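J.: just need the structure, nothing else, for what follows:
(2 chains)
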Number of protein chains: 2
Amino acid sequence: MPTLPTRPAEFHVFDTSLRDGAQQEGLHLSVADKLKIACYLDELGVTFIEGGWPGANPNDTEFFVKAKELGLKRSKLVAFGATRKAGAKASEDALTRALVDADTEYICIVAKSHDEHVHRALRTTLEENLEMITDTVQYLKSQGRHVFVDCEHFFDGYRANPEYAIQVVQTAHDAGAEVVVLCDTNGGMLPSWMGEVVEAAAATGANLGIHCHNDTACAVANTLAAVEAGVMHVQGTFNGYGERTGNADLSALIPNLQLKYGWDILPADQLADLTRVAHAIALVAHQPLLGRQPYVGASSFAHKAGLHASAIKVDENLYQHIDPSLVGNDMRMLISDMAGRANIQIKGEQLGFDLGDRELAARITETVKAREMEGYSYESADASFEMLLRDQLGVLELPFEVHSWRVFTEERDGINISEATVKLTAKGERHMVVGEGNGPVNALDGALRDALKVPFPEVGEFELTDYRVRILDEGHGTDASVRTLIDTSYKEFTWTTVGVGTNVIEASWEALMDSLAYGLITHVL
Amino acid sequence: MPTLPTRPAEFHVFDTSLRDGAQQEGLHLSVADKLKIACYLDELGVTFIEGGWPGANPNDTEFFVKAKELGLKRSKLVAFGATRKAGAKASEDALTRALVDADTEYICIVAKSHDEHVHRALRTTLEENLEMITDTVQYLKSQGRHVFVDCEHFFDGYRANPEYAIQVVQTAHDAGAEVVVLCDTNGGMLPSWMGEVVEAAAATGANLGIHCHNDTACAVANTLAAVEAGVMHVQGTFNGYGERTGNADLSALIPNLQLKYGWDILPADQLADLTRVAHAIALVAHQPLLGRQPYVGASSFAHKAGLHASAIKVDENLYQHIDPSLVGNDMRMLISDMAGRANIQIKGEQLGFDLGDRELAARITETVKAREMEGYSYESADASFEMLLRDQLGVLELPFEVHSWRVFTEERDGINISEATVKLTAKGERHMVVGEGNGPVNALDGALRDALKVPFPEVGEFELTDYRVRILDEGHGTDASVRTLIDTSYKEFTWTTVGVGTNVIEASWEALMDSLAYGLITHVL
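T.: Numbering: from 1, shown residues only, chains lettered A, B, ... in the order given. The predicted structure follows:
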């Protein structure tokens, strides 16, 4: 075992998903979204949550007003701002005042620490920049606030002018900053370059923090290198959101610190909520969570290779670096065209079917491979896999039979209409239903449910919780084939079905039918 | 400047995208896909390309047959296999023979180096495992092959039984392996743990390689730590593809080595092809390339924050860690609801419009923010942004006017039909066209182009190269609003348009119309 570093007594995690994370391309967080995410972070128990820049952005001002009503239990909110304007007084600066008005116990301000940025972006003198830091920190402290200072471009600044960069840290510390955060704003650092610079900054006597970006694919590793050099405050974002390549990913950093170093980071047992919280945040942020994301991704403990699957039958810990349940994730066997019989057998057993018969397992494996060639993907569509399995085992009885369907969509004078007709038989009776909707799939969905609600009233409680569309043949324009995935929930159950077709309506229809049939067979009949 | 390590004379990059990369969930590579990717890697000039496991997988056997006809110029193909079966002879082992039959100059075999894996997964003795390594390496060398040995689970094995793990390295080296590769198969390592273990392995006298996975979000950093400890062979995959959390991402490792260490990795000037090749591989692999991916992602040099945008007007190098053109990427200003006027002005100037008027720029900024609230996203849809800009500047003249459209889709007796009608006026004449298609959007696309081909024959050469659909309100089922993005190309031009609506057809129609109108205005009229 390698020698592990010792946890500084005051060590803590500072989440900036709501502030720096929201700088990510394509990420748009409403006030309601931010409030939800703050609650998730509080459940998990990160020490600090940076909520935004009150005064600079009306959404953020509103967030701090509403956040007071959240009653956060484990986390403390932090308002972000900047040093006052050059030549002004902090006590008279509108933005500094807005920071105080946000009424948080903790405030984090950004200060320039790279001489060229002071000259060219801020257009002031190096001395005035130091004065701005002292004045702003002292004013905020005089208002009873705890103050953190982010040294922007610290590492590039240290390389250009080490004396000045260190002077900025010293000034912030002397003015009363409780933590001085070294920021690799442009993200160009490598882990082996961190230690020496962090140690130079530590000589000022300041408590240090670290803020890294992922431009060299080393945000997490750079953060760990700074931690090993003694910082006691770690900034990052959930799922690594952030400008350009993103920030250090807390959903990887936290388990690295807790499981690899053995440090206490989250309150007792909260680590097992990590995967759930990472996915919940991704859902609110409307960002699909990358399957490959360390610790929390759907693929992070998934095994596809036939070679591995045979060994996993012996002992699953031989092929995983931690027990996935520690972070609330699961080991998964993937059903795919590279899967051997062993994967299909394990998966079948997990679903409660006996696939001990080698020939049967081999036949099902072939069917899966053939369907995946057509574009089906059973890796995520467990319900469709179970339907296929039941079909192959000769135990599938469909609760309804569809005879035909049609749908049309029209725009005339700027008005859009979709109308669908579905004809089906269930429990011996024929139903013919017409449905309207705000689009063709919605109209078909409505008609199908209306038809099934008569024989099966429970269908009224089936809820379509997600609907995803993937174009399969890129480069084929609107002529491409399409895969749709539909998530449905009913009571405490949730399941996913897949449909494939040359058009989005055909593919959606297949996934819809499978979803309703699966729900009826498994949870109603 | 930190002290930089010295490049070992024989240092090289070994790409395993086609072998270990293909283990990723959701990644399916046909033989044709693999051949295309091998050509891209050869253009770029990675030293070795591991093509697959001939004999174990019929696709891979076929790949090696066909790859001979590719005439690769810069890269050497490597066949992957394993040590022979326990108790057999390498010269008589079918899989070992299949490796030789693949007819590559280089072969890489995997060997167990963790004692528990030898006992429990391989079910043989520690001595026999060493014998299997010696016999297989010697046999392959007797067939005139250069041999690399991957030590599977080396780092976990070293922790469990350091003597045996080192004995495996020594045995492979003594048998004649040209490189012995230390594999962090389960991906649990951290960078500061690497050096000591690599140095222990180096004491055998073997040339060492490194193979890392991203389970702690440190695959690139772990690889760099091993490089700094002296390995001369680096394995990875493009875009970080691979089982679970993926392998070390060569599209980040290569520029780190070349730009941060200053080492020669790719042949002269090829680094500027990195972004193009990473995207081309992603296209073949049907894997959307993450915008946030270091160096090559669409967002990697993109700036959204108003604060940064004002500074970038001064000097763009103040806010980027390298010049993006070194890796063939571009600095981008993002148009988004967080954008200030500065972003809109820079973007407008890039498109050739004068937005110096502050009031005008402010008005356009407000319009963009309002449209993004509805679900539009101009960050990726440059053509739609330009249409909006022309509209706001009062210089938009649409080349056609649509009066109405309708489309229906029907399934009866298992047969699917879509039919669309479009009525429009262009160049003073009214056109009414009906189109069929394999789906509603395809039918509308066909009818719209047929109608426009009469007045504008160039429309026949417009090609829809990609079509993406995103559901905006997750949790709303089929009732959600939808954003579609369409890429169109004509001659050397490519542009992207966006449409939003309560259904996929309405949203697609808007993006289609914008795409054709933009193409006609910008490149035809």
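J.: chain neighbours aside, what residue packs nearest to the residue of the stretch 51-200 of chain A found nearest chain B?
T.: Distance from chain B to each residue of the stretch 51-200 of chain A (Cβ to the nearest Cβ) is smallest for residue A:188, at 3.0 Å. Bear in mind the C-beta positions are built from the backbone N, C-alpha and C, glycine included. Distances taken as Cβ to Cβ, 6 or more residues apart in numbering or on different chains place residue B:321 nearest to residue A:188, at 3.0 Å, with adjacent residues excluded.
J.: that neighbour contacts residue A:212, doesn't it?
T.: No. With contact defined as Cβ atoms under 8 Å, residue B:321 does not reach residue A:212; the gap is 11.8 Å.
J.: what do the two both touch?
T.: Common neighbours of residue B:321 and residue A:212, counting by Cβ atoms under 8 Å, 6 or more residues apart in numbering or on different chains, are residue A:187.
J.: the two - which one has more neighbours?
T.: residue A:212 (33 against 25; other Cβ atoms under 10 Å in any protein chain shown).
J.: assumed that one was part of a helix.
T.: No. Counting by DSSP: H, G, I helix; E, B strand; the rest coil, residue A:212 is located in no helix; its state is strand.
J.: what about it, distance to residue A:255?
T.: According to Cβ to Cβ, to the nearest Å, residue A:212 stands 17 Å off from residue A:255.
J.: please apply the same query to residue A:482.
T.: 37 Å.
J.: any stretches of chain A with poor pLDDT?
T.: A:1, A:304-314, A:334-342, A:471-480 (pLDDT under 70).
J.: before we move on, back to that, assign a three-state SS to the residue of the stretch 51-200 of chain A closest to chain B, would you?
T.: Classification of residue A:188 by three-state DSSP places it in coil.
J.: so what's the residue count around it?
T.: Neighbour tally, residue A:188, other Cβ under 10 Å: 21.
J.: do I have it right that it meets residue B:319?
T.: No. When contacts are counted by Cβ under 8 Å, residue A:188 is not listed as touching residue B:319 (11.2 Å).
J.: what's the overlap in contacts for those two?
T.: Shared contacts of residue A:188 and residue B:319, defined by Cβ under 8 Å, 6+ apart, are absent.
J.: for residue A:172, give me its contacts.
T.: Contacts of residue A:172 (Cβ under 8 Å, 6+ apart): A:111, A:133, A:137, A:149, A:151, A:180, A:206.
J.: and it, how far is that from residue A:295?
T.: To residue A:295, residue A:172 is 33 Å away according to Cβ to Cβ.
J.: what of residue A:395?
T.: 38 Å.
J.: which one of the two has more residues nearby?
T.: Using other Cβ under 10 Å as the criterion, residue A:395 and residue A:295 rank with residue A:295 on top: 29 against 10.
J.: report how many residues lie close to residue A:401.
T.: 10.
J.: quick one: strands adjacent to the helix or strand containing it?
T.: For residue A:401, the element it lies in under DSSP states H and E is strand A:400-412. Applying DSSP bridges, strand A:400-412 is found paired with strand A:415-426 (antiparallel), strand B:400-412 (antiparallel).
J.: show me where the stretch 101-250 of chain A has helices.
T.: Secondary structure of the stretch 101-250 of chain A (DSSP state H, counting those that start in this stretch): helices at A:115-117, A:126-142, A:154-160, A:162-175, A:194-202, A:219-228, A:250-255.
J.: and those helices as a markdown table, adding distance to residue B:523?
T.: Formatted as a markdown table, the helices of the stretch 101-250 of chain A follow (distance: least, Cβ to Cβ, whole Å):
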| stretch | distance to residue B:523 |
| --- | --- |
| helix A:115-117 | 41 |
| helix A:126-142 | 49 |
| helix A:154-160 | 41 |
| helix A:162-175 | 50 |
| helix A:194-202 | 49 |
| helix A:219-228 | 41 |
| helix A:250-255 | 45 |
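J.: residue A:421 contacts residue A:403, doesn't it?
T.: No. The criterion here is Cβ under 8 Å, and residue A:421 misses it with residue A:403 at 10.7 Å.
J.: the two: which is more packed in?
T.: Ranked by neighbour count (other Cβ under 10 Å), residue A:421 and residue A:403 place residue A:421 first, with 17 against 14.
J.: now the residue in the stretch 351-500 of chain A that chain B sits nearest to: closest residue in space that isn't a chain neighbour?
T.: With Cβ to the nearest Cβ, the shortest gap between the stretch 351-500 of chain A and chain B falls at residue A:439, namely 2.0 Å. Once flanking residues are discounted, residue A:439 sits nearest to residue B:503: 2.0 Å by Cβ to Cβ, 6+ apart.
J.: how about residue A:132?
T.: In space, residue A:132 is closest to residue A:83, 4.1 Å off (Cβ to Cβ, 6+ apart).
J.: which ones are touching the one you found?
T.: Contacts for residue A:83 (Cβ under 8 Å, 6+ apart) come out as A:109, A:110, A:111, A:112, A:129, A:132, A:133, A:135, A:136.
J.: three-state assignment of residue A:496?
T.: From three-state DSSP, the assignment for residue A:496 is strand.
J.: so where does the residue most central in space within chain A fall, helix or strand?
T.: Centroid-nearest residue in chain A, with Cα atoms, centre = their mean: residue A:282, separated by 3.4 Å. Following DSSP H and E, one finds residue A:282 within helix A:274-284.
J.: heading C-terminal from that helix, find the next helix or strand.
T.: strand A:302-303.
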